[in-house]
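Engineer: Provide a 3D model corresponding to the input given below.
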Amino acid sequence: MRPSDDELLALDRRHLWRPYTSSEDHESRPLFIVDRAEGPWLIGPGGRRILDASGSWWCNNLGHGHPRLRRALSRQAEQLMHVTFGGATHEPAVRLASELVAVAPRGLTRVFFSDNGSTSVEVALKIAFQYWQQNGRTERDLFLTLPGGYHGDTLGAMSVGAVDEFSAVFRPLLFEAARPDEPVEHDWEPVFDTLLARLRKEGDRIAGVVVEPIVQGAAGMRVYSPTLLTTLREEANRADTFLIADEVFTGFGRTGPMWASDHAGIAPDLLCTAKGLSGGVLPFAATLATERIYEGFRGGKERALMHGHTFFGNPLGAAVAREVLAIYREERILQQAEPKAAKLAEAIDDMAALPGVHHPRALGMCAAFDVGETGYMGKIGWEISDAALELGAHLRPLGNTIYVVPPLNIGDDDLDELLHIVRKATERVLGKDW
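Structural biologist: So this is what the prediction gives:
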């Protein structure tokens, strides 16, 4: 017998440890129970429907429960659910690797599977560091990063990240990384000037440069010019070091093209992908590398990349990811999203007319605006989130940054309703009766 909603919530508060949530907030903030989900909708036990504006943490690019993904998962479960990749192989992972290479930026030819975005970045860092250590450049032990970068919550990923709310307490455990100061008034050119100067001066010491291409997610959906990334690629080439693109959030069409790196017309040396890779169905990730990097691990057993993963290339995840790629091709997801992205951008730009709203921005199916001082600990955004939930949408603010990342294939009527709720919730909290 299913427990009542009250019983379920009581068990939740008694036994769960919720991510990014203080003990007090876990015990007091409102929760909604999700019984099932379809498309952009989260559906409660009583049938209440809530629009998922956060993409369930940025991964449901195709919405919830796409019928083709359900079928792909079911088919694979009947045949093979898991097998070691140590000395064995299987068709879903092999074919997925080939298909990922086919859609990846040019030059990326090797695929290392893992299970989440943080791990995909950890793998990239270990690959870059080990490459130089065993190929005659042991002095290359420093990573360059951008201010405000977020690359995950494992220790290596936090080391190259720069969102203190996530990592400050762990600083004694982290390795050194270098980054410029924060941009002033959203001006990224001086930031990149400083980064490039460091790269030119200390190129012989740089193991890699780690960036979120074009859009920094957890820092507040901050956007910088593609030309800056193009220049960074050129300087990394001159320094003969590796450019690592964290496309965990920005990949799979979130910003318009398949990869945010495509805005700059560049190809990284290492690319990290997760979230949209499996359509939000299963934990699944990959780190893509160039042939040059792969060749740097040739030789005796002591030169192998000593990183393993129990669920490397898991057949269920690989089969679903292959179906995600097929859906993108056959349903023309990127093309289908273009007019929706234009509608999203127009609605977010219109938010600037509301007193208290500033810096609206949009790129592809990612849009955001600020409602107070920036920073992850801001409270106004959470008030808007609470108001939106009452109106029928789940927002997950970044402090005082409100963002909207709907499915790329969201229906036009559903997108209209979502944008209407975002506006009404913002109006309600900012105090004007419109």
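
Engineer: What are the buried residues along stretch 425-434?
Structural biologist: With burial defined by 16 or more other Cβ atoms under 10 Å, the residues of stretch 425-434 counted as buried are 425-430. (Each C-beta comes from the backbone N, C-alpha and C, glycine too.)

Engineer: and the closest residue to Val357 other than its chain neighbours, how many neighbours does it have?
Structural biologist: Closest residue to Val357 apart from its sequence neighbours, by Cβ to Cβ, 6 or more residues apart in numbering: Met351 at 4.9 Å. For Met351, the count of nearby residues is 20 (other Cβ atoms under 10 Å).

Engineer: What of Gly313?
Structural biologist: Using other Cβ under 10 Å, the number of residues around Gly313 comes to 26.

Engineer: do Ala168 as well
Structural biologist: Residues lying near Ala168 (other Cβ under 10 Å) number 10.

Engineer: measure it to Gly161 for me?
Structural biologist: Noted for Ala168: a distance of 11 Å to Gly161, by Cβ to Cβ, to the nearest Å.

Engineer: and if you look at Lys301?
Structural biologist: Lys301 is 33 Å from Gly161, by Cβ to Cβ.

Engineer: More neighbours: these two, which one.
Structural biologist: Each of Lys301 and Gly161 has its neighbours counted (other Cβ under 10 Å); Gly161 has more, 28 against 6.

Engineer: That one should be in a strand, yeah?
Structural biologist: No: with DSSP: H, G, I helix; E, B strand; the rest coil as the criterion, Gly161 is coil rather than part of a strand.

Engineer: May I have the predicted confidence score for the closest residue to Gly375 other than its chain neighbours?
Structural biologist: Nearest residue to Gly375 in three dimensions, chain neighbours excluded: Gly399, at 5.0 Å (Cβ to Cβ, 6+ apart). The model reports Gly399 with a pLDDT of 93.

Engineer: Would you confirm that Gly399 contacts Gly381?
Structural biologist: Yes: here Gly399 reaches Gly381: they are 5.5 Å apart, a contact under Cβ atoms under 8 Å.

Engineer: Give the residue from the two that has the larger number of neighbours.
Structural biologist: Per other Cβ under 10 Å, whichever of Gly399 and Gly381 has more neighbours is Gly381, with 25 against 20.

Engineer: what residues does the helix or strand hosting the more buried one touch?
Structural biologist: Assigned by DSSP states H and E, Gly381 falls within helix 380-391. Residues from elsewhere that reach helix 380-391, judged by Cβ atoms under 8 Å, 6 or more residues apart in numbering: 30, 32, 50, 53, 371-372, 394-402, 421-422, 424-426, 428-429.

Engineer: which of the residues you listed count as buried?
Structural biologist: Buried subset of these (neighbour count, 16+ other Cβ under 10 Å): 50, 53, 371-372, 394-402, 421-422, 424-426, 428-429.

Engineer: Inside helices: which ones of those?
Structural biologist: Those of those mapping onto helices are 421-422, 424-426, 428-429, per DSSP state H.

Engineer: what sits against the residue nearest the centre of the chain?
Structural biologist: Nearest residue to the geometric centre of the chain (Cα atoms, centre = their mean): Phe249, 2.0 Å. Phe249 makes contacts with 58, 117, 212, 215, 217, 275, as judged by Cβ under 8 Å, 6+ apart.

Engineer: Pull the most distant pair out of the residues you listed.
Structural biologist: Greatest spatial distance in those: Gly117 and Val215, 14.4 Å, computed using Cβ to Cβ.

Engineer: Which of the two has more residues huddled nearby?
Structural biologist: Using other Cβ under 10 Å as the criterion, Gly117 and Val215 rank with Gly117 on top: 29 against 21.

Engineer: measure the more buried one to Pro406 for me?
Structural biologist: Gly117 sits 20 Å away from Pro406, going by Cβ to Cβ.

Engineer: Thr241 - nearest residue in space that isn't next to it in sequence?
Structural biologist: Of all residues beyond its chain neighbours, the one nearest Thr241 is Ile206 (4.6 Å), with distances taken as Cβ to Cβ, 6+ apart.
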